[in-house]
Each structure stands twice: as structure tokens, then as C-alpha cells.
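> Need a 3D model of the sequence below.
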Amino acid sequence: MPIQALEPRRLYRQIADQIAALIRRGEFKPGSRLPPERDLAKQLGVSRPSVREALIALEVEGFVEVRIGSGVYVTSAESRRSGGRVGKVALPPDSGPFELIEARRLVESECAAQAARHASAAQVRQMKAALASMRTDGRRNVVPLEGDQRFHECVADASGNSALAMLVRTLWAQRTGPLFLRLERHFDTPALWRSAIAEHEAILAAIESGDPAAARAAMRRHLDMAAKRFKVSFNRN
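Have a look, this model is predicted:
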């Protein structure tokens with residue numbers, strides 16, 4: 001296979017661009033199955049999470065179709081044109097979903113610790129309302145993304161640091177972008193969201209009790225588990 005090894009420091013975008021170029025040249029035919037993720041990672045000299053992000057980017061752009069439990073298949077040029085997605089979807093140029101989760105882990109863990117020190121009673125009530133919204137959506141089998149975002153933004157606001165709150169909102173703007181949401185679509189289940197809601201409950205309990213160390217640890221665990229859910233659930237080919 002005419003694939004060139006990439007330097008480990010390169011991001012998912014370079015991987016996606018190389019695979020897209022091979023598809024355009026006909027190295028991967030429409031309807032054919034791409035090599036397994038582990039084989040692509042080995043040939044490219046990169047990590048499997050980076051390949052996973054690249055494949056999702058290619059799906060958003062219309063080059064491939066990801067079929068969980070089966071594999072990743074090349075779409076036809078006609079399908080890409082009729083879909084109208086190639087070149088029109090604004091993807092983050094320098095960060096993939098796993099990098100985004102890591103950034104959130106670093107920033108939001110400290111926000112949670114500061115919120116445990118500074119949150120007012122009104123801010124705690126706002127967190128409880130956001131969590132209640134998540135529970136309601138979960139019972140209705142609706143993805144509770146709106147309540148999820150409100151909860152995390154409430155925690156950031158309660159940190160008492162407007163710069164941190166602004167940074168969290170910036171990260172969430174990418175969190176709700178097309179690449180991340182497409183990746184999420186491949187693993188979302190009611191059971192996984194129930195686990196996520198329980199993790200939010202632990203964060204809230206630590207903030208309400210005024211325990212910065214416990215709040216920091218609870219937020220870190222939540223985002224560590226989010227990363228794990230993404231990695232395990234997508235790679236079922």
C-alpha cells in the first residue's frame with residue numbers, strides 16, 4: 001500500500017488528508033473496505049486514536065461510511081457530490097476529539113476544584129437544575145447534551161474565574177462541532193449516558209460539600225471515563 005509514515009507529532013488531519021488523497025487517486029475503490037484501524041495505525045506510524053479521529057473526519061466529509069461491527073467503507077464520488085459535504089464542513093484544524101477531552105480534563109478539573117471553594121447556593125441550584133434536565137432526557141432516551149453543556153458551564157462559572165469560564169465555553173464550541181458529534185453518534189447508548197449522569201452526580205456532591213480535592217478527582221474521573229467510552233465503543237470493527 002502506497003502510504004507514507006507520518007511523524008507521531010502530526011495530528012488526525014494529516015492522516016485524513018493522506019487517506020483522502022488515496023481515495024481520490026483510486027487506491028481505495030468505492031465500496032471497498034479500508035484496512036482495519038490497527039493496520040492503518042501501524043503503516044502510518046501513528047496511534048490508533050489518531051487514526052480513529054481521522055476516519056471520523058473522513059466520514060463527516062463524505063469520503064467513507066463507518067459501519068460499527070463491520071468496518072469503514074469508501075463512498076462513491078457521486079455519493080460525496082450528492083451529499084454536498086466535502087469541503088463544506090468546518091472541522092477544527094488542530095485538535096481532534098481525544099485532544100479536546102484531554103484539554104477539558106486539565107481545565108475543567110481545576111474549575112471543579114475552584115467551584116467547590118467558591119460556588120454560591122444559587123450556582124449549586126443551577127447545577128442541580130442542569131443535572132435534573134439530564135436525568136429527564138435520559139429517561140426519555142433523548143441524548144442529554146443540552147443539560148450536559150449547561151452543567152459544565154455552571155461549574156466553570158462557579159469557579160469565580162471569568163477567563164476559565166470563557167475557555168470552557170470555547171472548548172464546548174468544539175465539543176458540539178460536527179467531528180465530535182459524529183464520533184459520539186457511534187457510541188451513544190442510554191446505558192452509557194446513565195453512567196455519565198452518575199459521574200455528574202459525584203461532581204455535584206463534591207462541589208456542594210465544599211471539597212476541592214474530591215471535586216477535582218470526580219471531574220477527572222468523568223472525563224477519563226468519557227475518553228475510555230469513545231475509544232472502546234468506536235473500535236468494534
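> just the helices in this structure please.
Assigned helices in the chain, in chain order: 12-25, 37-44, 48-60, 77-83, 97-118, 121-139, 145-158, 162-175, 178-185, 190-208, 212-234 (criterion: DSSP state H).
> Mean neighbour count for those helices - can I get that in CSV?
Bear in mind the C-beta positions are built from the backbone N, C-alpha and C, glycine included. Formatted as CSV, the helices of the chain follow (neighbours: other C-beta atoms under 10 Å):
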stretch, mean neighbour count
helix 12-25, 18
helix 37-44, 17
helix 48-60, 24
helix 77-83, 13
helix 97-118, 21
helix 121-139, 16
helix 145-158, 22
helix 162-175, 16
helix 178-185, 19
helix 190-208, 18
helix 212-234, 18
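> Convert the C-alpha atoms of stretch 152-159 to CSV, please.
Extracted in CSV, the C-alpha atoms of stretch 152-159 (Å, rounded to 0.1, in the frame of the first residue of the first chain):
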residue,chain,number,x,y,z
HIS,A,152,-20.2,22.0,32.8
GLU,A,153,-20.7,25.7,32.1
CYS,A,154,-22.3,26.2,35.5
VAL,A,155,-19.3,24.6,37.1
ALA,A,156,-17.0,26.9,35.2
ASP,A,157,-19.0,29.9,36.2
ALA,A,158,-18.9,28.8,39.8
SER,A,159,-15.1,28.7,39.7
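> Quick one: mean pLDDT over it.
Mean per-residue pLDDT for stretch 152-159: 98.
> Check the offset of it from the chain's centre.
Distance of stretch 152-159 from the chain centroid (C-alpha atoms, centre = their mean, to the nearest Å) equals 20 Å.
> cool, and stretch 192-208?
Centre-to-centre, stretch 192-208 and its host chain are 18 Å apart (C-alpha atoms, centre = their mean).
> what do you get for stretch 127-140?
Centre-to-centre, stretch 127-140 and its host chain are 20 Å apart (C-alpha atoms, centre = their mean).
> which residues does D148 contact?
For D148, the contact set (C-beta atoms under 8 Å, 6 or more residues apart in numbering) comprises A130, M134, A196, H200.
> The last one contacts M134, doesn't it?
Yes. Between H200 and M134 there is a contact under C-beta atoms under 8 Å: 6.7 Å.
> returning to what we had before: out of the helices of the chain, which gets nearest to G71?
The closest of the helices of the chain to G71 is helix 37-44. By C-beta to C-beta, the value is 9.2 Å.
> What is the closest one packed up against?
Under the contact criterion of 3 or more C-beta pairs under 8 Å, 6 or more residues apart in numbering; DSSP states H and E, helix 37-44 touches helix 12-25, helix 48-60.
> Adding distance to V66, write the helices of the chain out as TSV.
Shown next, in TSV, are the helices of the chain (distance: least, C-beta to C-beta, whole Å):
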stretch	distance to V66
helix 12-25	13
helix 37-44	10
helix 48-60	5
helix 77-83	14
helix 97-118	14
helix 121-139	25
helix 145-158	20
helix 162-175	20
helix 178-185	8
helix 190-208	18
helix 212-234	8
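> Now tell me which of the ones you listed the model trusts least on average.
In terms of average pLDDT, helix 77-83 trails the rest of the helices of the chain, at a mean of 62.
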